[in-house]
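Engineer: Task: produce atomic coordinates for the following.
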Amino acid sequence: MDPGRYRDLYLSETQEYLAALNRGLAALEVDDRGDALDGAFRAAHTIKGMSATLGFDKVAQLAHELEDRLDAVRTGRETVDRALIDELFAMADVLETAVEAAVAGGAVGGAGRVGAKSAKAVRRGGAGRAGEKAGRRGEGAAADADGRRRNGADGKAEEPREPALVMRVVIRPDAPLGGARAVLVQRNAADVAPVLRMEPADPAADWSGELRLWFPVDADRAALERAARAAGEVVEVRFEGGGGGAPERGGARNGGRTADGASAAEGGPGAARSGLVASRHVRVALGALDDLSDGVGELAVLTARLREVAGTLEGAQGLEDLVGRFERQVSDLQHTVLGMRMVPVGEVFDRFPRLVREAARELGRQVDFEIRGREIELDRAILEQVAEPLLHLLRNAVDHGLEPPAERRQRGKPERGRLVLEASRERSSVVIRVQDDGRGISRARVAARARAAGLLPDEPGVELGDDDLLRLMSRPGFTTAERVTEISGRGVGLDVVVNAIRRLGGALEMKSEDGRGTTFTARLPLTLAIAQALRVQIAGEVYAIPLTHVAEAVELGSGMVGRVKGKEVLRLRGEVMPLVRLRGMLQTGAEGGESAAVVAQVGERRAALAVDRLVGRDQILVKRFDAPVGALPFFSGVTLLANGRPALVLDPTSVL
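Structural biologist: Modelled structure (predicted):
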């Protein structure tokens with residue numbers, strides 16, 4: 001087989017199992033029995049099997065050694081303590097490095113095959129027999145040449161000219177590297193009898209979960225079945241032809257049981273019904289998915305433009321009906337593509353337990369770290385970009401928020417601090433919270449540092465609210481740390497967090513209570529690809545405001561605008577909120593003339609943004625851009641409107 005076809009798939013799947021391994025090891029320190037231990041063991045075992053299949057000998061050996069250590073814990077031969085967990089994490093790091101090196105090296109088992117050395121490394125785990133056979137056969141050149149002769153020079157299968165025995169092999173649908181295992185089945189079987197034909201002819205390119213092989217009618221069925229099952233993850237082997245009568249199902253002598261101990265008729269795990277596998281999954285390169293998403297977004301914008309043009313034509317009822325159908329089709333396609341971009345936040349959250357553990361150990365803290373809402377889905381592009389800001393918040397919580405054990409005892413708290421990372425859905429947003437039960441933020445210390453830096457007037461008795469605290473602490477270079485550590489204290493962190501979340505179209509809030517802890521809340525849009533936006537006009541220019549943080553839009557009537565303590569406010573249904581005139585914020589140089597307001601809301605904060613007029617509502621495709629030096633910091637991107645004109649995208653959170 002050509003291992004290059006499987007390297008990307010191998011790397012992708014192995015990274016998932018490495019994440020599960022690290023997650024299990026982090027949980028193992030708290031609970032040395034149950035799901036954590038079993039999950040880590042299964043991850044190591046699967047990595048071992050996949051690596052052996054592709055002939056990554058060193059990786060298989062390292063995974064096997066890690067599996068042995070975990071097995072020693074399961075059997076009580078080793079006791080879980082900090083030293084053991086450190087050693088297991090170190091082994092996991094070496095394993096991850098070996099995986100990357102094996103894939104980057106481009107050589108499989110040193111010779112492009114599954115070697116006998118790899119088979120020996122994993123034989124005790126029951127997954128190496130196929131690798132041992134493949135290693136003895138080398139590339140299986142003779143079998144491949146025979147297959148090419150029988151399949152023709154172009155690789156297309158030809159019908160055998162004489163009666164043949166057909167072997168159907170079903171591999172577990174969720175088996176890692178199913179196509180590679182199919183190739184191993186073919187090569188194992190070629191040692192028993194000549195392969196006259198194979199479907200699919202190239203499992204690497206066309207794998208559906210089932211393989212069919214044709215052999216001479218007098219081939220040894222029992223030996224063929226043993227050869228097929230040696231590839232691993234085979235749930236069913238059955239034979240047709242060769243002797244007349246009904247097809248013979250592999251394992252029928254044991255009551256028709258599959259390798260999982262359940263008959264196909266009973267619908268046991270992995271059972272094949274009617275010889276077909278029900279579900280298929282395809283891994284797609286992220287860049288290709290992004291291109292598809294952008295293309296669908298452009299279609300949505302063009303559809304809006306088409307609707308606008310159709311509305312200007314007289315007697316074009318048929319065209320309008322056609323445009324309506326086109327809009328519905330594009331909308332369905334858009335929802336499908338956006339769904340493909342969504343991934344559970346657990347893919348990123350599961351990286352954090354180990355990082356929190358290491359930070360706590362370095363700082364002398366004891367932390368119980370809890371993750372909630374792993375299943376909440378978010379656009380992959382947002383999730384990847386929000387990982388680093390969340391890590392900043394978690395490290396700050398361990399360093400600045402949670403007290404050392406001795407201090408917690410003096411305060412009457414448990415020695416172990418509590419840190420929670422939680423995701424949830426709120427309307428069209430995803431909310432991520434980082435909450436600790438530490439000392440809270442010292443408002444007096446922040447105020448003193450701010451006055452020393454000239455950020456606050458030297459006036460006694462000024463009370464800082466949570467919003468004031470966040471604004472000061474997110475200034476570049478601002479820090480209250482007394483010393484610089486590897487974790488914090490350099491004045492780099494919270495400003496990075498605020499700016500990163502704002503660039504994603506989100507907002508960061510903070511609540512802190514002295515002696516009881518701090519909570520940071522990040523509100524993020526579900527996706528960056530397409531946004532619902534309100535079009536507004538300001539000084540003759542049209543701008544787009546994403547609806548993520550828009551509560552409502554209102555026409556300004558008499559008596560609605562007033563002043564409180566010298567500042568303009570909007571009175572709306574008994575509520576009084578600040579009024580911000582965007583003409584002034586955007587420095588248009590024009591006098592007033594605002595007739596409407598957009599009520600923006602971030603958490604509990606609300607403000608009215610005065611605009612000249614409300615134009616309409618659209619779906620927009622937001623294009624991020626690097627703002628030129630000196631540009632106003634109120635824009636998060638640019639978009640093309642339905643009329644083909646570009647428009648800047650206003651970020652209401654930056655105004656608030």
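Engineer: Going by residue numbers, what spans are strands in the stretch 51-200 of the chain?
Structural biologist: Counting by DSSP state E, counting those that start in this stretch, the stretch 51-200 of the chain has these strands, from start to end: 164-171, 197-199.
Engineer: what about those strands, which gets the closest to A423?
Structural biologist: Shortest separation from A423 across the strands of the stretch 51-200 of the chain is recorded for strand 164-171, at 35.2 Å, computed as CB to CB. Every residue, glycine included, has its C-beta placed from N, CA and C.
Engineer: got the buried residues for stretch 166-183?
Structural biologist: Judged by neighbour count using 16 or more other CB atoms under 10 Å, the buried positions of stretch 166-183 are 166-173, 175-183.
Engineer: about what we covered before: if we compare the strands of the stretch 51-200 of the chain, which one ends up closest to L25?
Structural biologist: Closest approach to L25 among the strands of the stretch 51-200 of the chain is made by strand 164-171 (29.8 Å; CB to CB).
Engineer: The closest one pairs with which strands?
Structural biologist: Sheet partners assigned to strand 164-171 using DSSP bridges are listed as strand 210-216 (antiparallel), strand 234-240 (antiparallel).
Engineer: coming back round to it: want to throw the strands of the stretch 51-200 of the chain into a markdown table with mean pLDDT and distance to H392?
Structural biologist: Supplementary listing: those in a markdown table, determined by pLDDT from 0 to 100; distance: least, CB to CB, whole Å:
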| stretch | mean pLDDT | distance to H392 |
| --- | --- | --- |
| strand 164-171 | 90 | 44 |
| strand 197-199 | 88 | 54 |
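Engineer: Tell me which of those strands sits nearest to R221.
Structural biologist: Proximity to R221 (CB to CB) singles out strand 164-171 among the strands of the stretch 51-200 of the chain, at 7.3 Å.
Engineer: Identify the residues contacting the closest one?
Structural biologist: With CB atoms under 8 Å, 6 or more residues apart in numbering as the test, strand 164-171 has contacts from 178, 181-182, 185, 189, 196-197, 209-219, 221, 224-225, 228, 231, 233-243, 247, 270, 272, 275, 277.
Engineer: need the strands of the stretch 51-200 of the chain in a markdown table with distance to E298, can you?
Structural biologist: What follows is the strands of the stretch 51-200 of the chain, written out as a markdown table (distance: least, CB to CB, whole Å):
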| stretch | distance to E298 |
| --- | --- |
| strand 164-171 | 40 |
| strand 197-199 | 40 |
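Engineer: Nearest approach to R613 belongs to which of these?
Structural biologist: Across the strands of the stretch 51-200 of the chain, closest to R613 is strand 164-171 (CB to CB), at 63.0 Å.
Engineer: By average pLDDT, which secondary structure element in this protein comes out worst?
Structural biologist: Using mean pLDDT, DSSP states H and E, helix 116-122 stands out as the lowest-scoring helix or strand of the chain, at a mean of 33.
Engineer: if we can go back for a sec, and of the strands of the stretch 51-200 of the chain, who's closest to V446?
Structural biologist: The closest approach between V446 and any of these, judged by CB to CB, belongs to strand 164-171 at 60.6 Å.
Engineer: gap between the spatially closest residue to V599 that is not a sequence neighbour and T527?
Structural biologist: Computed as CB to CB, 6 or more residues apart in numbering, the closest residue to V599 that is not its neighbour in sequence is A551, at 4.5 Å. Remark: distance between A551 and T527 (CB to CB, to the nearest Å) = 20 Å.
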